[in-house]
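**Q** model the structure of this input:
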Amino acid sequence: MIADKERWNKRHVEKPMRQRVEPLIEKYIEEVQVGKALDIACGIGRNTHFLEEKGFVVDAVDISDYALSQVKNIETIKKFEVDLDTYNLESNSYDLIVNINYLSRRLFPQIKEALRGGGTLIFETFIIAHGEFTQPENPEFLLRKNELLHAFIGLDIIFYEERSDVNLRGENTRVASLVARKRA
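**A** Alright, predicted model coming up:
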């Protein structure tokens, strides 16, 4: 955990990420029931702050204490410095779960269980790409074609696509995007 924390702290300081909310969240937020939200691997809080402004009470989780120090200290945001390799999500707790640019397959079943009935999942992360694309070097952090769709097939799929994109640092990547809802 300490090595991961130091690596992410350094990354946030040396290569700051863009501040604006993820477009996928912005596009689908009006279809989400306002309530309690979870922002997995929240980083500096760009999505956390947007959700809070939309009326959500947000649990913001990340391994980087530096990144969490950039998240607002307000009553409607609870910050958790955790190692997502071992952290477990609480069942039936969230009306919205946001997972952007982070991949832990271990969390897939927990995400489904952590959603309340009628709760929404907005998930976007990197997929395997070939050619002129920048991507995480470790294949454990890359989805295979249609993997995200299949992982959450038990939910009602609202939107799914795989496409070329530009990452938070302006590099060309490939991503999979999913918006899904748990049946009430």
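
**Q** from F123, how far off is L115?
**A** Taking CB to CB, to the nearest Å as the measure, L115 falls 11 Å from F123. All C-beta spots, glycine's among them, are computed from the backbone N, C-alpha and C.

**Q** intersection of neighbour lists for the two?
**A** Common contacts of L115 and F123 (CB atoms under 8 Å, 6 or more residues apart in numbering): I97.

**Q** hmm, D85 and Y102 touching each other?
**A** No - using CB atoms under 8 Å, Y102 is not in contact with D85; the gap is 11.3 Å.

**Q** show me which of those two is the more surrounded one.
**A** Y102 (19 against 11; other CB atoms under 10 Å).

**Q** residues contacting the nearest residue to that one once chain neighbours are set aside?
**A** Leaving aside its chain neighbours, Y102 sits nearest to A41 (3.5 Å; criterion: CB to CB, 6 or more residues apart in numbering). Going by CB under 8 Å, 6+ apart, A41 touches V61, D62, I63, L84, N99, I100, N101, Y102.

**Q** please report how far A41 lies from E31.
**A** Taken as CB to CB, the span from A41 to E31 is 23 Å.

**Q** mean pLDDT per helix and strand in the protein: which one sits at the bottom?
**A** Scoring the helices and strands of the chain by mean pLDDT, DSSP states H and E places helix 2-14 at the bottom, with a mean of 59.
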